[in-house]
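Visitor: Take this sequence and fold it.
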Amino acid sequence: MTAHGTAAAGGDGNIRSSSPGTSVPPDGLVSLDELMPWSVRPLRTGRAWVSGPDPVVLRARWERVAAAEAAEQERLFAPTRSRTPHTSVAALPGRSAGTGRFARDPGPCPDPVRILHGPYDEQWLLPDHRLIDAARPELWRVADGQQLFAVDHSSAPEDAGPALSVTALLPAGHSPAGRPGRIRPLYRRPGGTEPNLAPGLLDLLRRRLGGSEAPDAFTPEAVLAWTLAAARPSPAGLRVPLPAGAEVWSSGVALGRELMRLQSRGARGERPRLPGGRRPYVRAALPARPTELVYDAGDEALIVGDGRISPVPAAAWEFTVGGVRVLELWFGRRAAAASGRRPDGASADGLDAVGARGWPREWTSELLELITVLALLDGTAGPREDVRARLESGPLIGPAELRAAGVLPVPPSARRPASVLGHQEEGPEGQFALL
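Guide: Numbering: from 1, shown residues only. Modelled structure (predicted):
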């Protein structure tokens with residue numbers, strides 16, 4: 001059954017959903033599209049210069065294009081069908097950037113905001129709707145201190161890390177594997193209210209798995225933690241096994257909470273730290289414009305040009321998402337930005353070439369933290385395998401039981417954004433949107 005209550009049988013007799021992207025898994029697992037029904041496509045900036053790893057560079061780019069003469073501004077802006085210097089759009093929710101035509105009145109540079117560009121890669125974005133082809137305003141409306149975002153990303157068979165990423169930052173939804181993942185807010189409204197879960201799911205879990213003394217065993221964050229620990233990739237998207245045993249649920253939720261702490265860099269708990277003696281340190285200063293990253297397995301050292309960081313566990317170096325080494329991808333983007341090149345190595349032009357200022361010290365600190373996060377995430381491989389093994393040998397709460405309890409199919413309204421306009425939002429050219 002689908003969210004619309006209809007299904008069709010294929011030629012092989014299997015039930016298939018009449019709604020794109022939803023189906024009834026044949027192995028007793030539940031589709032993530034059913035558990036967290038509201039999802040949003042990734043952001044699409046339309047122009048590379050509005051985001052990057054250095055907020056100082058983003059401000060320099062803004063000043064350059066804002067002060068340019070009309071013809072030069074048009075070229076630097078990098079127009080698309082959705083955005084040109086003459087496009088007027090509504091303000092991004094919660095942001096005060098201009099809504100008039102950029103060519104007429106750019107206004108002051110908005111403060112860059114921290115975003116998750118891709119799994120484990122925190123960057124910056126200029127939050128001006130006039131510059132972003134598809135900013136997904138519905139995400140900005142619910143982004144606050146209580147919100148968490150889950151992003152599924154394409155995975156490769158050799159990937160050992162979690163199939164799902166969780167962040168407290170606004171995620172762009174990019175995937176190293178090429179196929180962007182869906183963004184799923186945990187809450188449909190600001191303030192951590194109305195969880196983005198199949199209606200009735202929490203009540204069912206309490207009835208079936210109750211008895212735990214932990215007051216937070218059946219909260220929206222607990223469901224997200226379980227999903228993070230147990231989700232499995234498949235050609236049709238992520239699927240989630242729901243255990244019928246309280247002990248398995250408790251251990252999986254505890255593991256998922258640790259994964260959330262690591263992936264969110266301490267936004268939900270203490271900042272990640274390796275034990276003493278295993279923490280990475282800079283042994284030789286990193287150069288201003290490094291061009292090469294090499295791993296010395298014998299010395300457990302990361303060689304960054306003439307710089308050197310150690311100890312770096314082999315597990316952190318080998319950590320992949322979508323078949324791509326996370327450290328190599330992270331470094332490549334910053335090495336290119338430091339030298340004014342594009343990530344593919346070609347010479348940058350336009351605003352992409354503006355503002356390169358070498359390798360700031362902040363990047364070195366971020367690199368040390370990323371190494372720590374990846375090493376600690378690899379350390380969760382054993383507990384994740386243990387949860388998987390216990391699921392293989394135990395009973396599950398499957399789609400049939402969820403349908404019998406009325407949890408599935410989810411109503412169509414659960415797949416759409418909630419109406420969260422509690423105040424007027426400025427529309428194009430300073431007009432106010434009708435509520």
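
Visitor: Ala244 - how many residues pack around it?
Guide: If you count neighbours by other C-beta atoms under 10 Å, Ala244 ends up with 16. Glycine gets a C-beta too; all of them are placed from N, C-alpha and C.

Visitor: Might you report the residue contacts of the closest residue to it other than its chain neighbours?
Guide: Closest residue to Ala244 apart from its sequence neighbours, by C-beta to C-beta, 6 or more residues apart in numbering: Pro395 at 4.1 Å. Contact analysis of Pro395 by C-beta atoms under 8 Å, 6 or more residues apart in numbering lists 243-245.

Visitor: what's the neighbour count on Arg273?
Guide: Counted with other C-beta under 10 Å, Arg273 comes out at 12.

Visitor: try Ser264
Guide: Close neighbours of Ser264, defined as other C-beta under 10 Å, add up to 21.

Visitor: got the contact list for the helix or strand hosting Val282?
Guide: According to DSSP states H and E, Val282 maps onto strand 281-284. Residues from elsewhere that reach strand 281-284, judged by C-beta under 8 Å, 6+ apart: 301, 306-310, 364, 368.

Visitor: how about that strand: buried residues?
Guide: For strand 281-284, burial by neighbour count (16 or more other C-beta atoms under 10 Å) applies to Val282.

Visitor: That one: partners in the sheet, and parallel or antiparallel?
Guide: Strand pairing for strand 281-284, determined by DSSP bridges: strand 307-310 (antiparallel).

Visitor: For the partner strand, what is the distance to the chain centroid?
Guide: 29 Å (C-alpha atoms, centre = their mean, to the nearest Å).

Visitor: do the same with stretch 75-90
Guide: Distance of stretch 75-90 from the chain centroid (C-alpha atoms, centre = their mean) equals 26 Å.

Visitor: what do you get for stretch 70-79?
Guide: The chain centre lies 31 Å from the centre of stretch 70-79; the measure is C-alpha atoms, centre = their mean.

Visitor: circling back: just the contacts of strand 281-284 now: which is nearest Leu148?
Guide: Nearest to Leu148 among these: Leu368, at 24.6 Å, using C-beta to C-beta.

Visitor: taking the mean pLDDT, what do you get for the helix or strand harbouring the closest one?
Guide: Leu368 is part of helix 361-378, with elements assigned from DSSP H and E. Average pLDDT, helix 361-378: 96.

Visitor: swap in stretch 394-413?
Guide: Per-residue scores along stretch 394-413 average to 95.

Visitor: end-to-end on that stretch?
Guide: Length of stretch 394-413, first residue to last, C-alpha to C-alpha, to the nearest Å: 34 Å.

Visitor: Give me the buried positions along it.
Guide: Of all the residues in stretch 394-413, those buried under the rule 16+ other C-beta under 10 Å are 396-399, 401-402, 407-410.

Visitor: can you give me how far the strand holding Val282 is from the chain middle?
Guide: Relative to its parent chain, strand 281-284 has a centroid offset of 30 Å by C-alpha atoms, centre = their mean.

Visitor: can you give me the strands in the stretch 51-200 of the chain?
Guide: For the stretch 51-200 of the chain, the strands defined by DSSP state E, counting those that start in this stretch occupy 51-52, 113-118, 121-125, 149-152, 164-167, 170-171, 183-185, 187-189, 193-195.

Visitor: Now render those as CSV, adding distance to Arg416.
Guide: Listed next are these as CSV, based on distance: least, C-beta to C-beta, whole Å:
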stretch, distance to Arg416
strand 51-52, 28
strand 113-118, 24
strand 121-125, 25
strand 149-152, 17
strand 164-167, 22
strand 170-171, 20
strand 183-185, 13
strand 187-189, 9
strand 193-195, 12
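
Visitor: Any idea which helix or strand in the protein has the lowest mean pLDDT?
Guide: strand 15-17 (a mean of 31; mean pLDDT, DSSP states H and E).

Visitor: Now the element after that strand, going C-ward?
Guide: By DSSP H and E, the next helix or strand past strand 15-17 is strand 30-31.

Visitor: That next one pairs with which strands, parallel or anti?
Guide: strand 239-240 (antiparallel).

Visitor: what's the spacing between the partner strand and its chain's center?
Guide: Distance of strand 239-240 from its chain centroid, counting by C-alpha atoms, centre = their mean, is 18 Å.

Visitor: Give me the contacts around that strand.
Guide: Contact with strand 239-240 is made by 25, 27, 29-32, 35, 226-227, 230-232, as judged by C-beta under 8 Å, 6+ apart.

Visitor: Now for those residues, which sits with the most neighbours around it?
Guide: Thr227 (29 neighbours).
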